[in-house]
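> Quick check, what structure comes out for this input:
(one chain, ligands or ions: 1)
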Amino acid sequence: MSAKILDGKAIAAELRGQIRHDVETITRSGQRPPGLAVILVGENPASQVYVRNKQKACEEVGFVSELIRMDADTHQDQLLNVIDELNARTEIDGILVQLPLPDQIDEETIIERILPTKDVDGFHPYNVGRLVLRMPLLRPCTPKGIMTMLEHTGVDPAGKDAVIIGQSNIVGRPMALELLMARCTITVCHSRTKDLEDKMRGADILVAAVGRPNFVQADWVKPGATVIDVGINRLEDGKLCGDVDFHAVKEVAGWITPVPGGVGPMTIATLLENTLQAARLHSTP
Ligand SMILES: Nc1nc2c(c(=O)[nH]1)N[C@@H](CN(C=O)c1ccc(C(=O)N[C@@H](CCC(=O)O)C(=O)O)cc1)CN2
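Numbering: from 1, shown residues only. Next up is the predicted model:
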């Protein structure tokens, strides 16, 4: 039997509709709309696409957004100064520094400079620490978006075995914390993991974030499992594909996310959700 498709594009559109409605309510009451500042350093082609899509999404829901472009040879102190200015501006609720950054800039130093209540990416150690302690505030967008998608399956994650392939700060680690908070039993796999295929075969929920095109094979997937593909790999012919061999795995899985149109659109819709949350934090006396 073929898996049901977890349509991230549709769920993201629904989420944007709710956010737009909330923004209309806010502005009708005389308050200003939420404001997001996005900083792009350099000219990474993929980052330019993501940033453009973030700007478009802000426009659609009625946020004020500001794009700050900086040269690829920007010095770390220049970027820190820009963040200090944005931290001080009351009409800016969220600050997002598009990753990856050029080599001369230390990502951790930059992320730590953003005020935790404006850290709409949820990457600041304060926000990560709150997630670890099960008292989340601003949560990383990709894992939070995946949790929203899982809710749409109607399957209760409590007690399920979840396997995450990849241990990055953006996806793998916060994903493990989210699923743990939902009372799954978690296995996080990485390049030194033994018996990876066996571990995957035990997964009720499998999250692939390895960055290897079509890596996850059908016979590694438990029949009926929910398979979440975080990979965005550009092939030589220009086509996008995920970390999961979609056509084969969909014959085994219960639910599966496509690429494109799965996790990616949810990351951006969740960024809007976080920016609205940050605006509410800033407007509460
Ligand atoms: N500051 C951040 N940097 C990065 C993040 C992040 O969450 N915060 N995540 C990724 C990139 N990313 C968001 O910035 C992102 C990647 C992909 C998509 C997306 O919608 N993908 C589409 C396909 C788009 C295409 O044609 O290339 C899809 O999957 O359907 C959204 C956001 C790294 N950096």
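> I'd say T109 and D77 touch.
No. Counting by CB atoms under 8 Å, T109 does not reach D77; the two are 10.1 Å apart. Glycine gets a C-beta too; all of them are placed from N, C-alpha and C.
> more neighbours, those two?
Per other CB atoms under 10 Å, whichever of T109 and D77 has more neighbours is T109, with 12 against 9.
> count of residues packed around the closest residue to that one other than its chain neighbours?
Spatial nearest neighbour of T109, excluding adjacent residues (CB to CB, 6 or more residues apart in numbering): Q76 at 6.7 Å. The number of residues packed near Q76 is 15, by other CB under 10 Å.
> Next one: Q76 relative to the ligand, how far apart?
From Q76 across to the ligand, the span is 16 Å (CB to the nearest ligand atom, to the nearest Å).
> Nearest to the ligand: which residue in the stretch 51-200 of the chain?
The ligand sits closest to L99 of the stretch 51-200 of the chain, with a gap of 3.6 Å, by CB to the nearest ligand atom.
> so that residue touches N169, yeah?
No. Using CB under 8 Å, L99 is not in contact with N169, being 9.5 Å away.
> picking up where we left off before, give me the number of residues near the residue of the stretch 51-200 of the chain closest to the ligand?
Neighbours around L99, by other CB under 10 Å: 16.
> can you pull the buried residues of stretch 59-74?
Of the residues in stretch 59-74, V61, G62, F63, S65, E66, I68, M70, T74 count as buried by neighbour count, 16 or more other CB atoms under 10 Å.
> what does stretch 260-279 give?
Across stretch 260-279, burial judged by 16+ other CB under 10 Å covers 261-279.
> which intervals of this structure have sub-threshold pLDDT?
By pLDDT under 70, the low-scoring segments of the chain are 285.
> Residues of the stretch 101-250 of the chain that sit close to the ligand?
Proximity of the stretch 101-250 of the chain to the ligand, by CB under 6 Å from any ligand atom, involves residues D121, C141, T142, I170, I232, L240.
> Could you export those residues as a markdown table, including neighbour count?
Rendered in a markdown table, the data for those read as follows (neighbours: other CB atoms under 10 Å):
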| residue | neighbour count |
| --- | --- |
| D121 | 24 |
| C141 | 26 |
| T142 | 27 |
| I170 | 19 |
| I232 | 19 |
| L240 | 14 |
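> if we look at the ligand, which of the buried residues of stretch 260-279 are close to it?
G261, G264, P265, T267, I268.
> How about the stretch 151-285 of the chain: which residue is closest to the ligand?
At 2.3 Å from the ligand, G264 is the closest residue in the stretch 151-285 of the chain, using CB to the nearest ligand atom.
> what about M147, helix or strand, and which?
Following DSSP states H and E, one finds M147 within helix 141-153.
> name the helices or strands packed onto that helix?
helix 8-28, helix 172-181, strand 226-229, helix 263-283 (3 or more CB pairs under 8 Å, 6 or more residues apart in numbering; DSSP states H and E).
> could you redo those as CSV and give each row distance to R130?
Formatted as CSV, the helices and strands packed on helix 141-153 follow (distance: least, CB to CB, whole Å):
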stretch, distance to R130
helix 8-28, 22
helix 172-181, 10
strand 226-229, 23
helix 263-283, 13
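> Quick check: phi and psi at the residue nearest to T109.
As for Q76, its main-chain torsions (degrees, to the nearest 10) stand at phi -50, psi -40.
> which residues in the protein form strands?
Ranges of strands in the chain, per DSSP state E, are 4-5, 35-41, 64-70, 94-97, 161-165, 185-189, 205-208, 226-229, 233-234, 240-241, 255-256.
> got the angle between the third one and helix 263-283?
Computed with axes from the mean of the first three to the mean of the last three CA atoms, to 10 degrees, the direction of strand 64-70 lies at 110 degrees from that of helix 263-283.
> Next, count neighbours for G129.
Using other CB under 10 Å, G129 has 12 neighbouring residues.
> how far away is it from C141?
Distance check for G129 against C141: by CB to CB, to the nearest Å, it reads 18 Å.
> One more: E108?
Relative to C141, E108 is positioned 18 Å away (CB to CB).
> And for I68?
Plainly put, I68 is 19 Å away from C141 if you go by CB to CB.
> can you check V61 too?
Counting by CB to CB - V61 and C141 are separated by 15 Å.
> tell me which residues in the helix holding M147 are buried?
Buried-residue list, helix 141-153, by 16+ other CB under 10 Å: C141, T142, P143, K144, G145, I146, M147, T148, M149, L150.
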